[in-house]
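Trainee: the following comprises the amino acid sequence and a computationally predicted model.
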Amino acid sequence: MQSNENCPLVSIIMNCYNGEEFLSEAVRSVLEQSYSNWELIFWNNASTDNSEIIIKSFHDERIKYYSSEILSSLGQARNFALEKCSGEYIAFLDTDDLWLSTKLQEQIQMFTLDESIGIVISNTIFFNSNKVSKTYYKTPPPQGYVTRNLIKNYYISLETVIIRKLFLQKLTTNFNPEFSIIEEMDFLIRLSYHCKLKYVDKVLGKWRVHANSLTWKQANSYPKEINIFIELLKKQHPDIASKFPKEIKSLEEKAILKNIHNNIEQGNKLSALNNLTKLNNPIYFVFLIPAIILPYTLTNFLLKLKGRVSA
């Protein structure tokens, strides 16, 4: 590696709410980076566990600790951390995820290829406590100006993301405080409209799958937040919404389908049928009517059986 004088500063945002279980591992994966010119912006979002004690046990002047006594949404907490960043580039690592040691080194150099590159991602591994792991991208995802692709089928895992801070000037807002599930999706879709995305075809991150992850604990909030996102996009960013109507329609359908899935799991057939009427595609009726009418246990069994047969 070059000396720090020749390497731009990278601000690493680590938001934490009761993240003591995996925090030490996450911080160590930052300390082990081959790229050394970084600062870790640690935002403690009113944690009630030992997160503060753990982060303060790492004696490295590059780690900068901030805390709030009031619990805020994840979107707002990310904004608080963002305000503290001094780097030319900004990376994200939550307390339950990990980086491989060359992550920063290999991704930062991609920004030198083109000044219009504002987002660099990499491949990553999804893993759990049972040592079951899965590589996220089987083939390289779309690159370049990818707003259309991200609206239709969002494919970015946050622990892989590094952004060029300069492009934040293009946004009217950074993370939306209303969101705790799709805050990163909303942010990166809007950011992608102003810059190119570059992909590094190497596994440089690890996303931990576990029951206490906010992604799973608040999964039922996903359809509601998607609908808010679409409404705000149409009102506040009509230039984006008008360019990608088919993709937005597809996203609306996904939110409805997720609501139907939640209704079926909760045994609320009436709500599931009401949501089904919002879909104007008869194919959905053919496949979903049996799933709604049949008992959930039987439906679940048939879906699993179909999966085994397909495999």
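Mentor: Noted; the coordinates are in hand. Keep in mind that what you see is a predicted model, and the values were worked out from it rather than measured.
Trainee: what is the longest strand anywhere in the chain packed up against?
Mentor: Longest strand in the chain, counting residues (DSSP state E): strand 196-208. With contacts taken as 3 or more Cβ pairs under 8 Å, 6 or more residues apart in numbering; DSSP states H and E, strand 196-208 sits against strand 98-99, helix 103-108, strand 117-127. C-betas here are computed from N, CA, C, even on glycine.
Trainee: got those as CSV, with mean pLDDT and distance to residue 84 columns?
Mentor: Listed next are these as CSV, based on pLDDT from 0 to 100; distance: least, Cβ to Cβ, whole Å:
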stretch, mean pLDDT, distance to residue 84
strand 98-99, 98, 20
helix 103-108, 98, 18
strand 117-127, 97, 20
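Trainee: to residue 18, which of these lies closest?
Mentor: strand 98-99 (18.4 Å; Cβ to Cβ).
Trainee: what sits up against that closest one?
Mentor: 25, 26, 29, 30, 33, 93, 159, 204, 205, 206, 208 (Cβ atoms under 8 Å, 6 or more residues apart in numbering).
Trainee: now do that strand: distance to the chain's middle.
Mentor: 14 Å (Cα atoms, centre = their mean, to the nearest Å).
Trainee: ok, now stretch 166-185?
Mentor: The answer for stretch 166-185 is 12 Å, by Cα atoms, centre = their mean.
Trainee: so which residues of this protein form strands?
Mentor: Under DSSP E, the chain gives strands at 10-16, 38-45, 63-68, 89-92, 98-99, 117-127, 133-135, 162-164, 196-208.
Trainee: for the shortest one, which strands pair with it and how are they oriented?
Mentor: Taking DSSP bridges as the criterion, strand 98-99 pairs within the sheet with strand 196-208 (antiparallel).
Trainee: distance between the strand it pairs with and the chain's centre?
Mentor: That offset, for strand 196-208, works out to 12 Å (Cα atoms, centre = their mean).
Trainee: any idea of the mean pLDDT in it?
Mentor: Strand 196-208 shows a mean pLDDT of 97.
Trainee: buried stuff in it?
Mentor: Residues 196, 197, 198, 199, 200, 203, 204, 205, 206, 207, 208 are the ones in strand 196-208 that count as buried (16 or more other Cβ atoms under 10 Å).
Trainee: ok, stretch 261-271 next?
Mentor: Going by 16+ other Cβ under 10 Å, stretch 261-271 has these buried residues: 261, 262, 263, 264, 271.
Trainee: got the end-to-end distance for that stretch?
Mentor: Stretch 261-271 has an end-to-end distance of 10 Å (criterion: Cα to Cα, to the nearest Å).
Trainee: any stretches of the stretch 1-150 of the chain with poor pLDDT?
Mentor: Low-confidence segments of the stretch 1-150 of the chain (pLDDT under 70): 1-5.
Trainee: picking that back up, how about JSON lines for the helices and strands packed on strand 196-208, with distance to residue 44 and mean neighbour count added?
Mentor: Converted to JSON lines, those look like this (distance: least, Cβ to Cβ, whole Å; neighbours: other Cβ atoms under 10 Å):
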{"stretch": "strand 98-99", "distance to residue 44": "20", "mean neighbour count": "22"}
{"stretch": "helix 103-108", "distance to residue 44": "23", "mean neighbour count": "22"}
{"stretch": "strand 117-127", "distance to residue 44": "25", "mean neighbour count": "22"}
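Trainee: turn those into a markdown table, columns for distance to residue 190.
Mentor: Converted to a markdown table, the helices and strands packed on strand 196-208 look like this (distance: least, Cβ to Cβ, whole Å):
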| stretch | distance to residue 190 |
| --- | --- |
| strand 98-99 | 25 |
| helix 103-108 | 21 |
| strand 117-127 | 11 |
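Trainee: how about these, which one is nearest residue 237?
Mentor: Of all the helices and strands packed on strand 196-208, strand 117-127 comes closest under Cβ to Cβ, at 16.6 Å.
Trainee: just the angle between the closest one and strand 196-208, please?
Mentor: Put simply, strand 117-127 runs at 20 degrees to strand 196-208, going by axes from the mean of the first three to the mean of the last three Cα atoms, to 10 degrees.
Trainee: what lines up beside strand 117-127 in the sheet?
Mentor: Counting by DSSP bridges, strand 117-127 is paired with strand 133-135 (antiparallel), strand 162-164 (antiparallel), strand 196-208 (parallel).
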